[in-house]
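1. Quick check, what structure comes out for this input:
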Amino acid sequence: MFLERGYNATTIGDIAAEIGVSKAAVSYHFRTKSAFLDELVEPFVQRLEQVVDEHAGGPSPNAARAVLGAYLDALLEDVEVARWVDTDIAVQLDPRFAERLRRVTDQVVDAVTAGGRTEADRITGLAALGALWRPVRQLEVHNLTHSRASVLETAMTICAPRAPEATTT
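-> Numbers count the residues shown, from 1 in each chain. This next block holds a predicted model:
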């Protein structure tokens, strides 16, 4: 329901009606609506943080592939939550997650660009992340899992070093 309607538009009463229990029964397990974020989003964000801790330790020839592959695997572990986090601004701006998600993004971009600090480096890193997120958002889970290698290779293509552009005089 959060994915379909958004966090702000979904009430505890909506959830209770959907699963056929009383609002009190849902409230017994989730005292507040924000407890759903703790239960659903917190493990997802922790997993992304774990990915960067394990795979984005510093520039190396294989850092981009390692971090992007592990990041993609984290998205695939819980596609529905990944889609929700990616599309719901209320989740993205929640004070418990906003800074942490930004930090993960920055660390992945740093790993993908070998610590490059130019605007072009940042664009490359963000484009590589987009090459992971867009298929996660758009493809059926079966197709996404089946196409994991292609998704990763597309992201890696974005990261590939480019020859300097020739200048004409």
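2. max-length helix in the chain?
-> Secondary structure assigned by DSSP state H gives helix 34-55 as the longest helix of the chain.
3. mind listing what's buried in it?
-> Buried residues in helix 34-55, defined by neighbour count with 16 or more other C-beta atoms under 10 Å: Phe36, Leu37, Leu40, Val41, Phe44, Val45, Arg47, Leu48, Glu49, Val51, Val52, His55. Just so you know, the C-beta spots here come from the backbone N, C-alpha and C atoms, and that holds for glycine as well.
4. Which SSE is immediately downstream of it?
-> Following helix 34-55 in sequence order, the next helix or strand is helix 63-77 (DSSP states H and E).
5. From the chain's centroid, how far away is the helix or strand following that next one?
-> Counting by DSSP H and E, the next helix or strand C-terminal to helix 63-77 is helix 79-87. Relative to the chain's own centre, helix 79-87 is displaced by 7 Å; criterion: C-alpha atoms, centre = their mean, to the nearest Å.
6. Return the set of buried residues in helix 79-87.
-> Val79, Val81, Ala82, Arg83, Trp84, Val85, Asp86.
7. wait, what's in contact with the last one?
-> Residues touching Asp86, when contacts are defined by C-beta atoms under 8 Å, 6 or more residues apart in numbering, comprise Trp133, Val136, Arg137.
8. Looking at the residue lying closest to the first one once chain neighbours are set aside now. What's its pLDDT?
-> Spatially, and ignoring its direct neighbours in sequence, Trp133 is nearest to Asp86 (5.8 Å; C-beta to C-beta, 6 or more residues apart in numbering). Among the per-residue scores, Asp86 holds a pLDDT of 94.
9. Same question for the one 5 residues further on.
-> Looking at Val91, its pLDDT stands at 94.
10. again with Ile12
-> 92.
11. what number of residues lie near the closest residue to it other than its chain neighbours?
-> Once flanking residues are discounted, Ile12 sits nearest to Val26: 5.3 Å by C-beta to C-beta, 6+ apart. Residues lying near Val26 (other C-beta atoms under 10 Å) number 22.
12. Many thanks, we can stop here.
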